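K.L.:
I need the structure of the sequence given here:
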Amino acid sequence: STHLRNIRPYMTGRRMVMRHRPSPHEDGRGSARPGRTKRASSSAGTYDAGYGKPRQGAPNTGIPPGIRRADAARTAKGRPMKWPESIIDTPQGRRKAVAPLVISASRATDIPAFHAAWFMNRLREGFCLWQNPFNAAQRQWISFEKCRVFVFWSKHPAPLLPHLPEIAARGHEFYVQYTLNDYEGTGLEPNLPPLAARVETFRQLSELVGKKRVIWRFDPIILGGGLSVENTLSRLRRLAEALSPFTETLVFSFVDWYRKTARALGRLNPAFRPPTLAEMQEIARGMAEMNRALPRPLTLAACAEPLD
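P.N.:
Numbers count the residues shown, from 1 in each chain. Here you go, the predicted model:
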């Protein structure tokens, strides 16, 4: 198949995530069922295969208003950037395709976890057909002809690891945004591998591609339901001690309390809640202190947060 199907959305924390619904054509690759990383601001010329074109005037809330694509970078005059185009030979004949320089794979669907084999098949063919998960009639051919960089987003990239040498051999650069939270025992992220296994995957990935290409994400930060400021910092500290030898950057963010988020988390545990402003500042101070104490301090970065 040239395109992804059977993906349905659900909410967890601040993020729009995609839960996989396996089909007979996917050889059981959806068994891990991790969630997805949250949206972040898009890079210039980046194509995110997970979202459709935004409605005019739609706020950049991080939740697709029906149909959404990563916001197009704009020129100095405010005009949308136009992706390069290419002509490809498809089973349906010759077609015009967008040919981005950077492809985000993907903030809507965990392609490394669920569709690594599919991705490699399409990479070898040189193109894929993107289908909007919210509107099956909206499709876009994507050519890899001009692609220089893939940005992979995942909570469970282990299935992609064996394929990374081939991606590099084909002349593509890449890096991985790896969301690795410690919410064990809270009811959050129930379908992920155990924490120790995810830490080991992080180590293997870093040793395979280099720590500059592995970005550690801890997000979203949620409180309540047994998660206090002190407990969260303790979990972060343990992870930082384990992961700091294998990365240079930690990106974090706090849960945004959208109505759908509140309903979904409320079903898991009514005590879950977003941090207050004072708690955000306390967590940020604690992370800075934790980071200074590490043998290899990391670069700390907040993602899409209004606070400095």
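K.L.:
Pull up the gap between A113 and R198, please.
P.N.:
11 Å (CB to CB, to the nearest Å). C-beta coordinates here come from the backbone N, C-alpha and C atoms, glycine included.
K.L.:
Neighbour count for those two, which is higher?
P.N.:
Between A113 and R198, A113 has the larger neighbour count (other CB atoms under 10 Å), namely 27 against 23.
K.L.:
right, and the more buried one touches F152 too?
P.N.:
No. Assessed by CB atoms under 8 Å, A113 is found out of contact with F152, at 10.0 Å.
K.L.:
what residue ranges in the stretch 201-308 of the chain score low on pLDDT?
P.N.:
Applying pLDDT under 70 to the stretch 201-308 of the chain picks out residues 308.
K.L.:
can you give me the helices in it?
P.N.:
229-243, 259-268, 277-293 (DSSP state H, counting those that start in this stretch).
K.L.:
list the buried ones in the shortest one?
P.N.:
So that's helix 259-268. Within helix 259-268, the residues that qualify as buried are 261-262, 264-265, counting by 16 or more other CB atoms under 10 Å.
K.L.:
Mind giving me the packing neighbours of that helix?
P.N.:
Under the contact criterion of 3 or more CB pairs under 8 Å, 6 or more residues apart in numbering; DSSP states H and E, helix 259-268 touches strand 7-12.
K.L.:
Quick one: mean pLDDT over the strand it packs on.
P.N.:
Averaging pLDDT along strand 7-12 gives 32.
K.L.:
Same question for stretch 149-156.
P.N.:
The model assigns stretch 149-156 a mean pLDDT of 97.
K.L.:
Would you mind writing the CA trace of it as CSV?
P.N.:
Extracted C-alpha coordinates of stretch 149-156, given in CSV (Å, rounded to 0.1, in the frame of the first residue of the first chain):
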residue,chain,number,x,y,z
VAL,A,149,16.2,15.4,6.3
PHE,A,150,13.6,13.2,8.1
VAL,A,151,12.4,14.2,11.5
PHE,A,152,11.1,11.1,13.3
TRP,A,153,8.7,11.5,16.3
SER,A,154,8.1,8.5,18.5
LYS,A,155,7.6,7.0,21.9
HIS,A,156,8.8,3.6,20.7
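K.L.:
so how far is it off the chain centroid?
P.N.:
Computed by CA atoms, centre = their mean, to the nearest Å, the chain-centroid distance of stretch 149-156 equals 6 Å.
K.L.:
which one of the helices of the stretch 201-308 of the chain is the most hemmed in?
P.N.:
helix 229-243 (a mean of 17; mean count of other CB atoms under 10 Å).
K.L.:
That one vs helix 277-293, what angle?
P.N.:
Put simply, helix 229-243 runs at 30 degrees to helix 277-293, going by axes from the mean of the first three to the mean of the last three CA atoms, to 10 degrees.
K.L.:
which residues in the stretch 151-300 of the chain form strands?
P.N.:
173-179, 214-221, 249-254, 299-302 (DSSP state E, counting those that start in this stretch).
K.L.:
now these as CSV including mean neighbour count and distance to A108?
P.N.:
Putting the strands of the stretch 151-300 of the chain into CSV (neighbours: other CB atoms under 10 Å; distance: least, CB to CB, whole Å) gives the following:
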stretch, mean neighbour count, distance to A108
strand 173-179, 21, 13
strand 214-221, 23, 16
strand 249-254, 22, 17
strand 299-302, 14, 22
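K.L.:
Quickly list what the residue of the chain positioned farthest from its centre is bridged to.
P.N.:
No residue in the chain has its C-alpha farther from the mean C-alpha position than G93, which lies at 32.8 Å (CA atoms, centre = their mean). Assessed by DSSP bridges, G93 has beta-bridge partners T90.
K.L.:
So it versus L123, what's the distance?
P.N.:
G93 is 21 Å from L123, where distance means CB to CB.
K.L.:
same question, V102
P.N.:
For V102 relative to L123 (CB to CB), the value is 15 Å.
K.L.:
What of I221?
P.N.:
In this view, I221 and L123 are 34 Å apart by CB to CB.
K.L.:
likewise A240?
P.N.:
According to CB to CB, A240 and L123 sit 34 Å apart.
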